[in-house]
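1. Curious how this folds, go ahead:
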Amino acid sequence: MGERTYSVDIGTQRVDLPLVSLNENLALALLITVDMGVEFMSQAGSELAEILRPYNVDIVATVATMGIPVAVEVTRHLGLDQYVILHKTPKIHLADAVSETVRSITTDAEQRLLFDRARIKDVEGRRVAIVDDVISTGASTGTALRLLRRVAAEVVVIGTLVTEASLWRTSLGDDAQMVRALGSIPVFRPDGSGGLVEDWVG
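-> Coordinates of the predicted model:
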């Protein structure tokens with residue numbers, strides 16, 4: 001039996017994403033931006049940048065790691081030069097980082113987002129777009145929002161390649177209205193006979 005995939009339109013590009021079981025009750029369509037290739041990411045970044053352009057963004061922010069290719073391409077296509085990264089793993093330059101706990105729906109382990117204090121000046125009082133590869137539960141996006149607002153950034157829009165199901169709407173609350181996406185995907189549940197059915201709620 002071949003690999004099961006899910007076909008999705010991400011802007012003008014159609015891709016087949018592999019379906020991967022997370023546990024016996026849940027499977028996900030996996031979008032790995034670092035495996036998508038330069039041309040795909042350039043086109044997706046261009047299309048997402050056009051959606052974000054009306055918001056007059058000064059700088060783009062993302063969460064490492066899969067959001068980085070999105071941030072690079074959106075920044076480039078908006079004609080900007082700098083972007084900022086919120087990290088999930090400690091690095092030597094983040095010893096004194098501003099941090100915020102990720103309130104994740106899907107894991108018991110506490111995670112933290114870390115933001116380099118040296119970059120605060122780049123977002124303080126400026127119009128920021130948060131971009132990411134996938135917004136699923138909304139936990140990382142919500143944490144990024146809280147952290148950036150703590151350092152006086154004005155988050156004006158949230159851009160993503162795809163949204164996954166709809167838990168993120170509840171998680172983000174009023175901030176969900178800022179989300180702009182190139183596509184959307186469901187999560188998947190077993191149908192009881194070896195197949196999978198789409199779940200758009202999550």
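2. can we go C-alpha only for contacts and neighbour counts from here?
-> OK.
3. which residue ends up closest to the midpoint of this protein in space?
-> residue 132 (2.5 Å; C-alpha atoms, centre = their mean).
4. Surely that one and residue 60 touch.
-> No: shown here, residue 132 and residue 60 do not form a contact pair, counting by C-alpha atoms under 8 Å, at 10.2 Å.
5. Find the residues that touch each one of those two.
-> Residues touching both residue 132 and residue 60 (C-alpha atoms under 8 Å, 6 or more residues apart in numbering): residue 71.
6. quick check, the residue nearest to the centre of the chain in a helix?
-> No: under DSSP: H, G, I helix; E, B strand; the rest coil, residue 132 falls outside any helix and is assigned strand.
7. Can you name the residues bridging to it?
-> Counting by DSSP bridges, residue 132 is bridged to residue 160.
8. quick one, what contacts it?
-> Counted by C-alpha under 8 Å, 6+ apart, residue 132 has contacts 62, 63, 66, 67, 68, 70, 71, 159, 160, 161.
9. ok so residue 76 is a helix residue?
-> Yes: the assignment for residue 76 is a helix, going by three-state DSSP.
10. For stretch 121-128, list the C-alpha coordinates in CSV.
-> What follows is stretch 121-128, C-alpha atoms only, in CSV (Å, rounded to 0.1, in the frame of the first residue of the first chain):
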residue,chain,number,x,y,z
LYS,A,121,14.2,47.8,19.3
ASP,A,122,13.3,46.3,15.9
VAL,A,123,9.6,45.6,16.9
GLU,A,124,8.9,48.2,19.6
GLY,A,125,6.2,50.6,18.4
ARG,A,126,6.3,49.1,14.9
ARG,A,127,3.6,47.3,12.8
VAL,A,128,4.3,43.6,13.0
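11. who's in contact with it?
-> Contacts of stretch 121-128 (C-alpha under 8 Å, 6+ apart): 56-61, 148, 151-157.
12. Kindly report the same for stretch 160-170.
-> 10, 44, 48, 131-139, 176, 179-187, 199-202.
13. Could you write me a ChimeraX select line covering just the buried ones among those?
-> The buried subset of these, as determined by 16 or more other C-alpha atoms under 10 Å, is captured in ChimeraX by this line:
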select :10,44,48,131,132,133,134,135,136,137,138,139,176,179,180,181,182,183,184,185,186,187,199,202
